[in-house]
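> generate a structure from the sequence data that follows.
(chains A and B)
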Amino acid sequence: MYDPQALQAKWLPRWEESNPFAAVEDAADTRPRKYMLDMFPYPSGDLHMGHGEVFAIGDVVARYWFQKGYNVLHPIGWDSFGLPAENAAIKRNAHPAEWTYANIETQANSFKRYAISFDWSRRLHTSDPEYYHWNQWLFTRFYERGLAYRKGGLVNWCPQDQTVLANEQVVAGKCERCGADVVRRELTQWYFKITDYADRLLDDMARIQDGWPERILTMQRNWIGRSTGADVRFEIEGRDEPVTVYTTRPDTLYGATFFVVAADAPLAEEIVAPEQAEALAAYRAEVAKLSDIERLSTEKEKTGVFLGIHAVNPVSGERIPVWAADYVLSDYGHGAIMAVPAHDQRDLDFARKFGLPVKVVVHTGLADPGETGVATPGEGTLVNSGPLDGLTKAEAIGKIIEVLEERGTGRAAVNYRLRDWLLSRQRFWGTPIPIIHCVDCGEVPVPDDQLPVTLPDLRGADLKPKGVSPLAAATDWVNVSCPKCGGPAQRDTDTMDTFVDSSWYFLRYCDPDYTDGPFDVEKVRKWGPIDQYVGGVEHAVLHLLYARFFTKVLHDMGMVDFVEPFERLLNQGQVINHGKAMSKTLGNGVDLGQQIDNYGVDAVRLTMIFAGPPEDDIDWADVSPAASQKFLARAFRVMTEAGAASAPGTGFSGGDVELRKVTHRTIDEVTRLVDGHRFNVAVARMMELTSAARKAIDAGPGAADPAVREAAETLAVMLSLVAPYVAEEGWERLGHAPSVAKAGWPQADPALLVQESVTAVVQVAGKVRDRLEVSPDISEADLEALALESEKVRAYLDGAPRKVIVRAPKLVNIVP
RNA sequence: GCCCCCGUAGCCCAAUGGCAGAGGCAAGCCCCUUAAAAGGGCUGUGGUGUGGGUUCGAGUCCCACCGGGGGCACCA
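As a prediction, the model looks like this:
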């Protein structure tokens, strides 16, 4: 009788005794190493169905590598800083740590029951001072290298969470975490200079092209948004310094009929003519009222205000009016543009709204944009452009850059959509920024020997968001003496974005108790980079971009010898229910613990794996854990009956050849399928092997045949990747000592893979007319001859065929 | 609006350009059983969203369209 709960009760305590999946650091261990990593969980209560899927998938890979004899590092930890803990603490008048660490314990126990092959000795929590110490250490190193800096400017502010956000954390104008509408605020904040690494983040994608899903790379490419063009300097009448604009279409310079400055840029206020100052102020006030969503809407009518002054086209000498508008962004390029309405739709919309001239400078063969209202941004021949006339777009771009450089009024330029990573947060449950502000010395990093700067003991109402960090209220903590001059000074009261924590945690797993630095450089050299990373697609431009950035900086610091942290990435799908994401409001949630109680760990894991390709969503309404349980019971009976009928250790060579062939074909296929991450198909093959063994027991050579034992043992080992409990019990019933997880991956015997005969299909004009049993190594000529002799085939032929295509040994197609 | 991915049986899903069906769910039938459950077995006419094309041969490659999902979307 297959009783999953009894198997769990039996085996879980035994596995817990020995940390069986510990990675081996011993230098004498020469086995090749593999590093398998699942994105670490946030401890928001117990594990849910999504965890159930991602960790089941990752565990197939890890357990497969264990079976193959690799020295495998498969660690687990918790991403345990973050807002939910803080909100829970406010609600319960408690400390965020209480909620956090209680949830971590719950999840850890659930992971153990779920039988994921972690090395439990490497567990880490990012909210431990022993961990965030090194966030601070790394911050200081970044600061020293000019990669962490503070600046004022417009930032994204989430009114719900009462903190600023990085650009990556604003999705369609809403807070990525809570969904509130994000507003813009003028604030001084800390940034990481990720833009310095924009080119490398783009160019190094070539190294991981084959291991990452294409769409993630595309999303990162779009996010970084590299474009090439030129910087062009325009004189502004009445201003000493020229103003530079960035354009991707310098070839259209002669078509610039007006000039636009971002309404919120300081430049607009500076250059506005006195008689237009009031109009500008009114316009700016109006723009400031708009939410990001409204401002970014492409449907929105163009708005703007004339600044009462003119700019001078550096090549044509033409005077063009200067406007301020909100369709020009202050933080991209130089916050100002030359407007070429004929060849840019946005400029054209603006020109038509305000009656500005439209001048065609690229002849594209399309109707005049000034009349149609449709800009012509495509290829063409330059006209009305002095020295550029007659050139193609590409030629003109090259030529005009030459001209601009000669005259000293411009040059080729590259621009990025990527902005620096805003890392400070006005919240409590995170890593304090290790900076002290001194009136005399300015920003002073906390000396390394005074790290970590630990969080003060705040709880409950102290943590209520009030727009500034709760740390500011802890005056005893804030007021310190300056490390440089000893004078009175204050600690920085912001904490770090929790994405800092997750940007390097995979390095610390190599030695989570290391005290001489964030990670043991030597051990990372041995384990890194990660061979397989598994996690959700939601981190495409968040965690995955930041971790790549950190790795490159650490590489430049000489601390890691690779430039990409994750060689292969697998994005699992979501677990949904009845076509929709599970949610409280829909009431369609499925509880992982409940599923396990009902069907057992093995059946739940098997259901996750068998449902479909790992990157596809699983609709829980479409799959059947009960059926999985049934299959496991079937497999269990085969293992039990084989175990009872024969003893381990006897040779298989005398066993039933037909069953042996099935077994070895299964080994061959499952090996390839697991290598290719085709786990659902691999399970189907295991099901077939189970059926073949069942048949052999009931209606073939019987349970005592060595081939039955071979099939059952093979099944136990393969099943251990997905259903560790039943595999372990089956292995024991087959007379082996635990653990099946280390039994070793079976090898297919090539002699048993060859077929004595195969069925060759003979087609006439593409239709199957006969089948021939032939040797698998039949020659093309022999097969063709055989096919042409066939009576069935000849019935469809009159005279000699026009053409015969032979694909020995499987197919002949005769064209009459 | 632009870009990417996916449409195979009632459902989930297989199928190096070569017989459309491996596996599972559901359904139906049979065996076992006093009966039921459990167990064992059997049953696949949808021609691969639609229309073209390439090819001896297309689910697979190309084009267009339809449907679903995702990404980007005033970034000059």
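
> so which bits of the stretch 401-550 of chain A are right by RNA strand B?
A:415, A:417, A:541 (CB under 7 Å from any atom of the strand). C-beta here means a position set from N, CA and C on the backbone, and glycine is covered the same way.

> what ranges do the strands span in the stretch 601-750 of chain A?
Using DSSP state E, counting those that start in this stretch, the strands of the stretch 601-750 of chain A run over residues A:618-619.

> any idea how far residue A:609 is from the nearest residue to residue A:32 once chain neighbours are set aside?
Distances taken as CB to CB, 6 or more residues apart in numbering place residue A:70 nearest to residue A:32, at 5.6 Å, with adjacent residues excluded. Residue A:70 sits 21 Å away from residue A:609, going by CB to CB, to the nearest Å.

> these two: which has the busier surroundings?
residue A:609 (23 against 18; other CB atoms under 10 Å).

> quick one: residues contacting that one.
A:56-57, A:60, A:679-680, A:683, A:722 (CB atoms under 8 Å, 6 or more residues apart in numbering).

> let me know the pLDDT of it.
Looking at residue A:609, its pLDDT stands at 95.

> what separation do you get for it and residue A:61?
Taking CB to CB, one finds residue A:609 at 11 Å from residue A:61.

> likewise for residue A:709?
Distance of residue A:709 to residue A:61, computed by CB to CB: 28 Å.

> residue A:441 now?
Distance from residue A:441 to residue A:61, by CB to CB: 51 Å.

> so where is chain A shaky, pLDDT-wise?
Chain A contains residues with pLDDT under 70 at A:291-299.

> middle-most residue in it, spatially?
residue A:540 (3.7 Å; CA atoms, centre = their mean).

> report how many residues lie close to the residue lying closest to it once chain neighbours are set aside.
With CB to CB, 6+ apart as the criterion, residue A:540 has its nearest non-adjacent residue at 4.4 Å, and that residue is residue A:219. The number of residues packed near residue A:219 is 16, by other CB under 10 Å.

> pretty sure residue A:219 is touching residue A:542, no?
No - with contact defined as CB atoms under 8 Å, residue A:219 does not reach residue A:542; the gap is 10.4 Å.

> now, which of the contacts of residue A:609 sits nearest residue A:629?
Ranked by distance to residue A:629 (CB to CB), the contacts of residue A:609 are led by residue A:722 at 12.9 Å.

> next, the residue nearest to the centre of chain A: phi, psi?
With angles defined as degrees, to the nearest 10, residue A:540 sits at phi -50, psi -50.

> now for it: which residues touch it?
Residue A:540 neighbours (CB under 8 Å, 6+ apart): A:215-216, A:219-220.

> give the buried residues for stretch A:673-684.
A:673-674, A:677-683 (16 or more other CB atoms under 10 Å).

> what's the most distant pair in the residues you listed?
A:677 and A:683 (12.6 Å).

> get me the contact residues on the stretch 251-400 of chain A for RNA strand B.
A:262, A:295-298, A:300, A:302, A:326-329, A:332-337, A:344, A:346, A:349.

> show me which of the contacts of residue A:609 neighbour RNA strand B.
A:680, A:683.

> narrow the contacts of residue A:609 to those in helices?
Here DSSP state H is the test, and the contacts of residue A:609 give A:56-57, A:60, A:679-680, A:683 as lying in helices.

> looking at these, which is nearest RNA strand B?
residue A:680 (5.6 Å; CB to the nearest atom of the strand).

> in the stretch 301-450 of chain A, which spans are strands?
Under DSSP E, counting those that start in this stretch, the stretch 301-450 of chain A gives strands at A:304-312, A:319-325, A:336-339, A:362-363, A:381-382, A:410-415, A:421-422, A:424-425, A:435-438, A:442-445.

> how much space separates residue A:115 from residue A:386?
75 Å.
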